[in-house]
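S.K.: this is the structure alone, sequence omitted:
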């Protein structure tokens, strides 16, 4: 935070010699005249010194860049989507962008206090919130995956687009897991499923999920993992998801990323307010 100095509209000019002459001509000498002269001379000197200090301080505050504000390490962090969603840029043709220099925003408090899986309650519109987990290999599923067709996340306006969607049948939308099924075995959990395009679910999110899967498959270590869906205003279809991951024991040497993946489908125009869609 930068505090601007206070500058008046006009500046007073003080001629110390002229002012002293006025007093000298009007006063009769006495035993205290020397002390009075000293006090009179000190007043303008002190005023000038104070004014100079204000000018210097103001200049430093004006010219110096604001220092970055660091997260308190003893406080649980928030994702960018939760802390300052307005900083997430609108889609401009790049399917995935890096956030915070590709470094997760976790704090020491996160590493020390987060255990297991944690899912946000659905909001008043029925939308999912952030999901965070301290992942390890023991959480990965071993059984067969069950159906999730009974879940209808917000923005679910399903249509087929042959030639534009690479699935059979070519449905536009998938029930997209925030924390991938392969990482925890969470399947038909409505707090972990959003409406995502086939392209986001199977193409742009997948490489990051697979990176975490491979690491856990070959390690006894943990990965702190956070996925935050971004719903703009009261929209029902997420604009995308913020993905953060950090391998704990090796200080991020195995896994470390922080990206935003846009919920888009090439050739299809999406209405994020409702989930309605049409061919471009």
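M.R.: On my side now, so go ahead. In this text, all values refer to a predicted model and were calculated from it rather than measured experimentally. Numbers count the residues shown, from 1 in each chain.
S.K.: per-domain residue ranges of the protein.
M.R.: 1-69, 80-279 (automatic domain parsing).
S.K.: now the helices for the stretch 1-150 of the chain?
M.R.: Secondary structure of the stretch 1-150 of the chain (DSSP state H, counting those that start in this stretch): helices located at 16-26, 33-63, 80-83, 108-113.
S.K.: worst mean pLDDT among these?
M.R.: The minimum mean pLDDT among the helices of the stretch 1-150 of the chain belongs to helix 16-26 (a mean of 39).
S.K.: residue contacts, residue 102?
M.R.: 256-259 (CB atoms under 8 Å, 6 or more residues apart in numbering). Using the backbone N, CA and C atoms, a C-beta is placed for each residue, glycine as well.
S.K.: show me what contacts the closest residue to residue 239 other than its chain neighbours?
M.R.: Nearest non-adjacent residue to residue 239, counting by CB to CB, 6 or more residues apart in numbering: residue 230, 4.8 Å away. Residues near residue 230 by CB under 8 Å, 6+ apart: 81, 85, 88, 238-242, 260.
S.K.: do the same with residue 101
M.R.: So residue 101 contacts residue 258 (CB under 8 Å, 6+ apart).
S.K.: ok, back up a step: and which of the contacts of residue 230 is nearest to residue 226?
M.R.: Of all the contacts of residue 230, residue 226 sits closest to residue 242, with 7.7 Å by CB to CB.
S.K.: residue closest to the middle of the chain?
M.R.: The residue lying closest to the centre of the chain (CA atoms, centre = their mean) is residue 80, at 1.9 Å.
S.K.: what sits against that one?
M.R.: 87-88, 99-100, 105, 228, 242.
S.K.: and the contacts of the one helix or strand residue 212 maps to?
M.R.: For residue 212, the host element (DSSP states H and E) is helix 206-217. Helix 206-217 is contacted from outside by 135-137, 140, 180, 182-183, 221, 223, 225, 243, 245, 247, 254-255, 257, 259, 261, using CB under 8 Å, 6+ apart.
S.K.: hmm, try it at 10 Å
M.R.: Outside helix 206-217, the residues that touch it by CB atoms under 10 Å, 6 or more residues apart in numbering are 96, 135-140, 177, 179-183, 200-201, 221-223, 225, 227, 241, 243-245, 247, 250, 254-257, 259, 261.
S.K.: buried set for it?
M.R.: 208-209, 211-213, 215-216 (16 or more other CB atoms under 10 Å).
S.K.: same question for stretch 181-200.
M.R.: For stretch 181-200, using 16+ other CB under 10 Å, the buried residues are 181-187, 189-190, 192-200.
S.K.: could you measure from residue 175 over to residue 128?
M.R.: Plainly put, residue 175 is 11 Å away from residue 128 if you go by CB to CB, to the nearest Å.
S.K.: cool, residue 223 as well?
M.R.: Distance of residue 223 to residue 128, computed by CB to CB: 21 Å.
S.K.: and for residue 276?
M.R.: For residue 276, the distance to residue 128 - CB to CB - is 20 Å.
S.K.: one step back: need the winner for burial among the domains of the chain.
M.R.: Greatest average neighbour count among these goes to domain 80-279 (a mean of 17), per mean count of other CB atoms under 10 Å.
S.K.: just the terminal-to-terminal distance for that one.
M.R.: Taking CA to CA, to the nearest Å as the measure, domain 80-279 stretches 32 Å from start to finish.
S.K.: from the chain's centre, how far out does it sit?
M.R.: Remark: domain 80-279 is offset 16 Å from the chain centroid, using CA atoms, centre = their mean, to the nearest Å.
S.K.: tell me where this protein has strands.
M.R.: Secondary structure of the chain by DSSP state E: the strands cover 96-98, 117-119, 131-135, 173-177, 193-197, 223-230, 240-247, 256-262, 268-270, 277-279.
S.K.: paired strands for the fifth one, with orientation please.
M.R.: Strand pairing for strand 193-197, using DSSP bridges, gives strand 173-177 (antiparallel).
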